[in-house]
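**Student:** coordinates only, no sequence provided:
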């Protein structure tokens, strides 16, 4: 018997459902995101116009997207509408649901099948809405959950932003800052990234700090200069004891999601340069101990060669992490380092 979820959807929410049974006056739907809960869609909410044969529109076992149009908790009743959902919103909701199911499955499999070396640290970074479920799924595994972003202010009227306090209240204590997409799409400059880093470090959050050059910078042979400038902002006022909270990640922007990765030699050049800069600013022992990851179209067929370079300590894995077999293969290639 399925245990009924204590959670309820809100009126107006779009929910992914499975058709449980079809009646003459409507259909009962199981709400996939709320185990044990079901809703009812009346025949007049199935489709626009007159519905002559309800089974021409819905059938048992069919997965559909419906809108919540009424909730009566005292009667354990949820009323749904199918016709209120546009085709565009239906496709978007189904795709989001599929992505969440796939991510959840991968995390469960990873938690069950993990057999990597003890010294290898594995972290996953789902979207914000999946963070809490990821923490629960991976609670008893060595895999850590990391947020993809956070705001630099601790609190205030910043609609849509996520503060470190929100992350900590769901037991997420690590965050990625300065990802290339945040820089390119959302216009985050070095000043904003520095403020985020300071907020995270000052509130005992671990941070994965991303940096990298554009294709234009590399073609103009300015990539070392750009990396040095970004690094200077990151480390300019860091204290030595804060480095234990930091992982660096080199992301050549031109290699993110393009299928084109930096050559092992190109990646090693940057990693070696970054380590040398840290040694100058602090000391060589510290520089040697800082983990520096490579991120940029890492795949099973290139990870072993990239990880073989002396200054590359691991990977920030994007698309390949959506396949457990690919993700696991990349992780195991670190075993050979």
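**Tutor:** Nice, I can see it. From a predicted model like this one, the values you see are computed outputs, not experimental measurements. Numbers count the residues shown, from 1 in each chain.
**Student:** burial of residue 310, as a residue count?
**Tutor:** Taking other C-beta atoms under 10 Å as the neighbour definition, residue 310 ends up with a count of 10. Bear in mind the C-beta positions are built from the backbone N, C-alpha and C, glycine included.
**Student:** repeat that for residue 198.
**Tutor:** By other C-beta under 10 Å, neighbour count at residue 198 equals 15.
**Student:** wait, it touches residue 154, no?
**Tutor:** No: checked against C-beta atoms under 8 Å, the pair residue 198 and residue 154 is beyond contact range at 11.1 Å.
**Student:** got any ranges where the stretch 51-200 of the chain has weak pLDDT?
**Tutor:** Across the stretch 51-200 of the chain, the stretches falling below the confidence threshold (pLDDT under 70) are 103, 106-118.
**Student:** what about the strands in it?
**Tutor:** Listed in chain order, the strands of the stretch 51-200 of the chain (DSSP state E, counting those that start in this stretch) span 63-72, 77-81, 123-124, 144-145, 174-177.
**Student:** ranking the ones you listed by mean neighbour count, which comes first?
**Tutor:** With neighbours defined as mean count of other C-beta atoms under 10 Å, the strands of the stretch 51-200 of the chain peak in mean count at strand 174-177, which reaches a mean of 23.
**Student:** that one packs against which elements?
**Tutor:** Applying 3 or more C-beta pairs under 8 Å, 6 or more residues apart in numbering; DSSP states H and E, one finds that strand 174-177 makes contact with helix 190-202, strand 206-211.
**Student:** name the residues of the first one that come out as buried.
**Tutor:** Neighbour-count burial for helix 190-202, with 16 or more other C-beta atoms under 10 Å as criterion, is recorded at 192, 193, 194, 196, 197, 199, 200, 201.
**Student:** follow-up on the earlier one: residue 130: which of the helices and strands packed on strand 174-177 is closest?
**Tutor:** Across those, residue 130 has its closest neighbour in strand 206-211 (17.8 Å, C-beta to C-beta).
**Student:** list the neighbouring strands of that closest one plus their orientation.
**Tutor:** Applying DSSP bridges to the sheet, strand 206-211 is found paired with strand 174-177 (parallel), strand 246-250 (parallel).
**Student:** okay, now the unreliable bits of the stretch 201-337 of the chain?
**Tutor:** Of all residues in the stretch 201-337 of the chain, those with pLDDT under 70 make up the ranges 257-260, 337.
**Student:** now the helices for it?
**Tutor:** The residue ranges that make up the helices of the stretch 201-337 of the chain, judged by DSSP state H, counting those that start in this stretch, are 215-219, 223-235, 264-281, 284-289, 300-307, 324-335.
**Student:** please report the distance of residue 121 from residue 174.
**Tutor:** Relative to residue 174, residue 121 is positioned 11 Å away (criterion: C-beta to C-beta, to the nearest Å).
**Student:** dump the helices of the stretch 201-337 of the chain into a markdown table; add mean neighbour count and distance to residue 12 as well.
**Tutor:** Formatted as a markdown table, the entries for those read as follows, by neighbours: other C-beta atoms under 10 Å; distance: least, C-beta to C-beta, whole Å:
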| stretch | mean neighbour count | distance to residue 12 |
| --- | --- | --- |
| helix 215-219 | 15 | 43 |
| helix 223-235 | 17 | 42 |
| helix 264-281 | 17 | 47 |
| helix 284-289 | 13 | 51 |
| helix 300-307 | 18 | 43 |
| helix 324-335 | 18 | 35 |
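**Student:** wait, which of those is closest to residue 82?
**Tutor:** Proximity to residue 82, assessed across the helices of the stretch 201-337 of the chain by C-beta to C-beta, is greatest for helix 324-335 (33.8 Å).
**Student:** can you name every helix or strand that that closest one contacts?
**Tutor:** Under the contact rule (3+ C-beta pairs under 8 Å, 6+ apart), helix 324-335 is packed against helix 87-113, helix 300-307, strand 314-315.
**Student:** now render these as TSV, adding distance to residue 226.
**Tutor:** Putting the helices and strands packed on helix 324-335 into TSV (distance: least, C-beta to C-beta, whole Å) gives the following:
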stretch	distance to residue 226
helix 87-113	33
helix 300-307	21
strand 314-315	21
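**Student:** alright, I will stop here.
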